[in-house]
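Q: using only what follows, build the 3D model:
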Amino acid sequence: GRTEHLFQLDVAGKLGDVVQTLHQLYRASCLDKMGDQAAMITAILQSRLARTSFDKNRFQSISETLHMECKAEMVTPLVTNPGHVCVTDANLYFQPLNGYPKPVVQITLQNVRRIYKRRHGLMPLGLEVFCTENDLCSDIYLKFYNYQDRDELYFLIATYIENHITEHTAESYMLQWQRGHISNYQYLLHLNNLADRSCNDLSQYPVFPWIIADYSSSVLDLTKPETFRDLSKPVGALNKERLDRLLTRYQEMPEPKFMYGSHYSSPGYVLFYLVRVAPEYMLCLQNGKFDHADRTFNSLAETWKNCLDGATDFKELIPEFYENDSSFLVNSLKLDLGKRQGGKMVDDVELPPWASGPDDFLKKSQEALESQYVSEHLHEWIDLIFGYKQKGSEAVAAHNVFHPLTYEGGVDLNSIMDPNEKVALLTQILEFGQTPKQLFTIPHPRRIMPKLKSLSRTSSHNVSITESPVSPNEESFEDLTEESRTLAWNNIAKLKLDEQYKIHKEAITGVAVTCNGSSVFTTSQDSTLKMFSKESKTIQRSVSFSNMALSSCLILPGDTTVISSSWDNHIYFYSVAFGRQQDILMGHDDAVSKICWRDGRLYSASWDSTVKVWHCAPGETLSSKKHHFELLAELEHEVSVNTINLNAANTMLVSGTKEGTISVWDVTTATVLHQLPCHSGTVFDAAFSPDSRHLLSTGEDCCFKVIDVQTGMLISSVTTDEPQRCFRWDGNTILSGSQSGELLIWDLLGGKVTERLKGHTGAVMSMWMNEQCNSVITGGEDKQIIFWKLQY
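A: The predicted structure follows:
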């Protein structure tokens, strides 16, 4: 029937304007075709925007300089609000045409912490700005009318904040997550952010996994794997019977095929969970009506059961299930959400028996998300949602194939000429749900779990090659050394220059020290090997094997033999006891760049593009019998190898070449596990972390790179002001020797230098560190060796 509404305006003079706009919008709404409606509304809006501009009286200070001004819309769930954007040297302003929610929204650039480009309505026109590090919701989300405006604004803000903070990539968060510096919840939040998910866009709302599979027990047992959902499968594949039915249909389907007719995240699902706190959104989406009472979010057990058994229900959860605000579980607005079949009114959400109330439910959900089981398996879910199992043959194998319209690039809207078809398709896509942007194209690394023997040993994962078994008799001694190492690295910034001596005529290339620390052996480009006594502060031996430079040296266990590698293609064995050359290994066709010794094996790297593994049976020192060398393996490279290193368990070797390639080798089988073009230019140094999970390298290109050893994924890159020539690290902190001669201490996760120690006057060429990590010796281009001591 006929109804009348009476509106009263706050501002008297605007009456004519309001009536005229209402008439225009009414005419637009009466047009038959959606495309024509959209076009007319756009025209009305653009003419209003063109007649107005940003009111400069709104600037916070008169001295602000204007950098750019353009038209844009502020995005909130289901509503975009048009207006003018303005950036000055100090602030970002948005002035909505309608003065809502306030006449001007202002963000101080100095407070900005993160900024992301967004896809909005499938177009690259969005920009989201955060003034916090870990919050779910942003401070403003803008949508522009062309991507040039968006990119210019992004550039202005990014340039401003680049001088204040470092930009985070998925990889830098991954390293922090793997090492336990951020929680599972924070990591998922960051991944959602990087994959275009935003709380302001219901079609791309952040997606979180179902974690708990038990909604009937009175006590939630987080030590039992059965308590948890299988994170290696999408929701649709959790129930085998249902999956078999879906696969049969998939096989018979013409191209483009899909397994699931609905998505795991869509505006309807988000509002299904949030109807009690955001009823107006649900009413907006469903033409003024709530959903049927039996289809409402009534109980967790029921919803979970439906996700397992329902023919078309494959939804995941939203972040609210792992946060602290439980209002979405309670009908505190006393909404009339209807009557269920049994006659019961829909009220608060029914919780599982193990939760004493809504807050307790959220607390236990958080505990489950951060539990040992989830930490060990979360990477499997990330592979499905953000990673390599999202598309292609891997998605088919993982039963993870959704409707083609849900994927980025699944349809090109610009190629559709008919405006009505375009509007209809866009509406369908936005309501149907969208797959997040793909962040990873290779398997995601596991989280590194502290060694909780009881749990991790019995977990479903086999011990990988990276976990070195410790033999029982080493245990107690190991623990002491471990404690002193941790203490030393925590205090590494207290390293002090102790003594320095100029002992060579050219740059020093290698440093080796006897077990008791009394004698220091050094090699140099002046072709000599020298033995320096710390006590008497004098050179006690000086040996020359040929007239070519020596590149590195090491002492064999027992302190009786020193081995040096030379640019004359040879490796020299020098007997300390007899003061003479004992042996020569003519092992390469070009300069030998670096040697390592482990468990009776010698590893030599050379510019002849090989790394060779030798077994050395020692000669009898007293007789004239020489060492016996047997070539066990030859690791072939494309170009000259500049550096090598082994992991703690001697199962893996890393090599770095003149052209910047890093290779990880399995020593036992002499096969390459990973090969990555990491650096542009020579790799100077590379080393595994003590737990063998990560690999750090440094090169001529002024970069530190971190590789996840298990997957071979490059997970972090830190740019340095100048090349770092050599380093030691404990997995988190780096002590590096720079081109200019300083020692630098780096916080790897923060990607910044925390301390600079003045030392050499030329590049630091080599570095030795003792087992306890509290004593360091460096050799430099300035022909000096410097002794450094930790002073607690």
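Q: can you show me the helices along the stretch 1-150 of the chain?
A: If you assign secondary structure with DSSP state H, counting those that start in this stretch, the helices in the stretch 1-150 of the chain sit at 15-29, 34-51, 147-162.
Q: how about the stretch 451-600 of the chain?
A: According to DSSP H, counting those that start in this stretch, the helices that the stretch 451-600 of the chain contains are 453-458, 475-490.
Q: circling back: may I see the helices of the stretch 1-150 of the chain arranged in CSV, with mean pLDDT and distance to residue 199 as well?
A: In short, each C-beta sits where N, CA and C put it, glycine included. Written out in CSV, the entries for these read as follows (pLDDT from 0 to 100; distance: least, CB to CB, whole Å):
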stretch, mean pLDDT, distance to residue 199
helix 15-29, 91, 28
helix 34-51, 91, 25
helix 147-162, 90, 20
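Q: can you redo the ones you listed as a markdown table with mean neighbour count?
A: Formatted as a markdown table, the helices of the stretch 1-150 of the chain follow (neighbours: other CB atoms under 10 Å):
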| stretch | mean neighbour count |
| --- | --- |
| helix 15-29 | 12 |
| helix 34-51 | 14 |
| helix 147-162 | 16 |
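Q: residue 94 is nearest to which of those helices?
A: helix 147-162 (10.9 Å; CB to CB).
Q: who touches that closest one?
A: By CB atoms under 8 Å, 6 or more residues apart in numbering, the list of residues contacting helix 147-162 from outside reads 67-68, 70-72, 85, 87, 92, 109, 112-113, 115, 117, 123-127, 129, 142, 144, 167.
Q: ok, then the element right after it?
A: Later in the chain than helix 147-162, the nearest helix or strand by DSSP states H and E is helix 170-178.
Q: so what does that following helix touch, helix or strand wise?
A: Contact here means 3 or more CB pairs under 8 Å, 6 or more residues apart in numbering; DSSP states H and E; on that basis helix 170-178 packs against helix 184-194, strand 703-708, strand 713-719.
Q: circling back to that earlier point, so how do I select the buried members of the contacts of helix 147-162 in ChimeraX?
A: Filtering those down to the buried ones (16 or more other CB atoms under 10 Å) takes a single ChimeraX command:
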select :67,70,71,72,85,87,92,109,112,113,115,117,123,125,126,127,129,142,144
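Q: which of the contacts of helix 147-162 fall within strands?
A: Secondary structure from DSSP state E places 67-68, 70-72, 85, 87, 92, 115, 117, 123-127, 129, 142, 144 of those in strands.
Q: where does pLDDT dip in the stretch 401-550 of the chain?
A: The model of the stretch 401-550 of the chain has pLDDT under 70 over residues 450-479.
Q: same question for the stretch 251-400 of the chain.
A: In the predicted model, the stretch 251-400 of the chain carries no residue with pLDDT under 70.
Q: specify the beta-bridge partners of residue 652.
A: With DSSP bridges applied, residue 652 shows beta-bridge pairing to residue 666.
Q: how deep is it tucked in, by neighbour count?
A: For residue 652, the count of nearby residues is 22 (other CB atoms under 10 Å).
Q: you'd agree it is up against residue 709?
A: Yes: between residue 652 and residue 709 there is a contact at 7.1 Å, judged by CB atoms under 8 Å.
Q: hmm, back to that, can I get the helices and strands packed on helix 170-178 in JSON lines with mean pLDDT?
A: What follows is these, written out as JSON lines (pLDDT from 0 to 100):
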{"stretch": "helix 184-194", "mean pLDDT": "94"}
{"stretch": "strand 703-708", "mean pLDDT": "94"}
{"stretch": "strand 713-719", "mean pLDDT": "89"}
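Q: of these, flag the one that's most buried.
A: Highest mean neighbour count among those (mean count of other CB atoms under 10 Å): strand 703-708, with a mean of 23.
Q: which residues do residue 652 and residue 709 both contact?
A: When contacts are counted by CB under 8 Å, 6+ apart, residue 652 and residue 709 have 466, 664, 673, 688, 692 as shared neighbours.
Q: from the residues you listed, which single one is nearest residue 549?
A: residue 688 (27.6 Å).
Q: may I have the phi/psi pair for the closest residue in space to that closest one that isn't next to it in sequence?
A: Closest residue in space to residue 688, ignoring its immediate chain neighbours: residue 647 at 4.1 Å, by CB to CB, 6 or more residues apart in numbering. Backbone geometry at residue 647, expressed as degrees, to the nearest 10, gives phi -80, psi 170.
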